[in-house]
Every structure is written in C-alpha cells, then in structure tokens.
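> what follows is a predicted structure for the sequence shown.
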Amino acid sequence: MKRTALITGANKSIGFETARQLLSLNYSVYIGSRDAEKGLKAVEQLKSEGFEDVDMLQIDVTDAASIHAAAAELTGKVAQLDVLVNNAGIPGVMPQNASEITQENLRNIFDTNFFGVVQTTQAFIPLLKKSDEPRIVNVSSDLGSLGNHTNPDYAHFDVKVTGYCSSKTALNAFTVMLAYEFRDSKFKINSVNPGYTATDFNGHTGYKKVEEAAEVVVRYAIIGADGPNGKFFSDYGETPW
C-alpha cells in the first residue's frame with residue numbers, strides 16, 4: 001500500500017521541498033497550508049512537475065477548530081497516515097532579548113512552534129496509529145539545543161533569540177515525552193534540525209539550499225523499524241538536547 005504523508009506549512013520553502021522529495025519516493029503527500037490559495041498553488045506546481053499523488057489540506061496549526069476539521073477531512077480520504085512532518089513555524093518579531101521580549105511576541109511564537117505542534121500531533125495520532133510504520137518528524141533547530149547554548153564553541157553561541165530558541169527547546173521536550181509514551185509501539189518520533197537554510201524565514205541569509213535541508217527531514221521521515229526514536233538530529237548526526 002502506498003504510504004501517505006502530511007506536511008504542515010508545506011506551501012513553500014523546506015516544507016514544499018520535503019513534499020517534492022517524498023513524492024519522488026512514491027509517497028502520497030498532503031500539503032498542509034494555512035492559506036488555501038497558496039496551498040493549491042503549491043499543488044499545481046508539483047503537478048506541473050509530473051507528480052500526481054499530491055493534494056492540499058487546509059490547516060492552521062494555531063486554530064483548534066481548523067486542526068480538527070483537517071483531521072476529519074483527511075480521515076475521510078485515507079485509510080491511515082504514515083508520516084506527519086510538523087514543519088509549520090514562525091521566527092517571531094525581532095529582536096528577542098530575554099529582558100525585553102514582549103509577552104505577546106513570546107505567546108505568538110509558542111502558539112505556532114510549540115502548542116501548534118502539540119495539538120496537531122494529538123489530532124492526527126488516531127490516523128497515525130492505523131499505520132504499520134508511523135513516523136513523526138518535528139522540525140526543530142540547533143538553536144533549540146541547550147547543550148549548544150551553553151557551549152562557547154558552538155558556531156551560533158551568540159544567537160540568543162529568546163522566543164524562537166525557547167520554543168524549539170520546548171518542542172524538543174515534547175519529542176522526548178511523546179517518543180517515550182510510544183516507546184513500545186511501531187512509532188518513530190524524532191526532532192530534526194534542517195540547518196540554516198536560505199528561505200523567507202531568515203530573509204534568505206542561510207547558507208544551505210532547501211534541497212539539502214529537506215533531505216535531512218526526509219531521512220528521518222522514512223526510517224525503518226530499526227531506526228532511532230526520541231532523538232535529535234542534524235545533517236551531521238545526533239545533536240545535543
């Protein structure tokens with residue numbers, strides 16, 4: 001049976017390229033997009049490249065009603081969900097100094113990067129449980145690593161973006177807790193750092209191409225039964241929490 005994947009925030013950048021690469025591996029892919037029009041344009045682009053088994057699923061990860069509607073819609077279309085890639089995320093308003101970041105900015109960042117992932121994952125767990133090899137990839141960042149942030153030799157040691165970094169730290173904690181909960185099942189749940197990639201997210205200042213970043217995400221979306229669970233990975237291997 002053909003495997004099915006859902007990628008949130010997949011109408012552009014790393015999410016879009018992740019969709020393209022999974023389609024190339026013969027997955028059926030749903031483009032999760034908050035904006036339906038942008039999602040449909042992404043689907044049209046992929047179909048113009050020769051990929052047929054791709055569709056759009058409208059989902060706003062900050063809106064519980066939208067998430068549950070999306071889960072109900074997908075449940076009516078597929079027998080199971082094999083891969084969930086929690087890719088949707090925002091950087092927040094800059095700067096984000098710890099002593100000055102506003103509660104509004106902090107909450108907005110966490111609503112998407114943390115709470116959005118938690119409620120989206122919970123809504124799709126029933127459909128994932130129907131898969132014989134369910135996979136969850138939480139798209140994180142090495143900026144969420146407390147090990148890195150306390151290591152002066154870390155390349156980005158001086159990048160202390162309070163809201164964004166702490167939201168990814170919280171996301172990593174969720175990965176650990178969820179992976180432990182499903183440790184005796186067929187689930188494989190990991191955090192993945194795609195790396196500093198040139199996207200709209202950072203004004204295209206990143207040094208990696210989206211193709212390279214998506215390859216890291218896909219690597220852990222398609223891992224076999226002997227693959228890792230409850231770990232944090234970058235393109236260079238395991239990353240400290």
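Okay, I see it.
> ok, Tyr55 touching Ser33?
Not quite, residue 55 is Asp, not Tyr. No - look at Asp55 against Ser33 with Cβ atoms under 8 Å: they stay out of range, at 10.9 Å. All C-beta atoms are positioned from the backbone trio N, CA, C, and that covers glycine.
> neighbour count winner among those two?
Here Asp55 and Ser33 are set side by side on neighbour count (other Cβ atoms under 10 Å), and the busier one is Ser33, at 27 against 17.
> which SSE is the closest residue to that one other than its chain neighbours in?
Leaving out its chain neighbours, the residue that sits closest to Ser33 by Cβ to Cβ, 6 or more residues apart in numbering is Gly39, at 2.9 Å. Element membership of Gly39 [criterion: DSSP states H and E] is helix 36-48.
> list phi and psi for the residue sitting furthest away from the middle of the chain.
Most distant residue from the mean C-alpha position of the chain: Ser99, 28.7 Å away (Cα atoms, centre = their mean). When read as degrees, to the nearest 10, the backbone of Ser99 gives phi -80, psi -10.
> would you mind measuring from it to Val210?
Relative to Val210, Ser99 is positioned 34 Å away (Cβ to Cβ, to the nearest Å).
> what about Phe124, neighbour count?
Number of residues near Phe124 (other Cβ under 10 Å) recorded here: 23.
> Lys231 too?
When neighbours are counted by other Cβ under 10 Å, Lys231 registers 19.
> in the chain, which spans are strands?
In the chain, the strands defined using DSSP state E lie at 4-7, 28-33, 54-58, 83-86, 135-139, 188-192, 232-234, 237-238.
> mind giving me the packing neighbours of the fourth one?
What that stands for is strand 83-86. Of the remaining helices and strands, those touching strand 83-86 by 3 or more Cβ pairs under 8 Å, 6 or more residues apart in numbering; DSSP states H and E are strand 4-7, helix 13-24, helix 116-128, strand 135-139, helix 210-221.
> turn these into JSON lines, columns for mean pLDDT.
Formatted as JSON lines, the entries for those read as follows, by pLDDT from 0 to 100:
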{"stretch": "strand 4-7", "mean pLDDT": "98"}
{"stretch": "helix 13-24", "mean pLDDT": "97"}
{"stretch": "helix 116-128", "mean pLDDT": "98"}
{"stretch": "strand 135-139", "mean pLDDT": "98"}
{"stretch": "helix 210-221", "mean pLDDT": "95"}
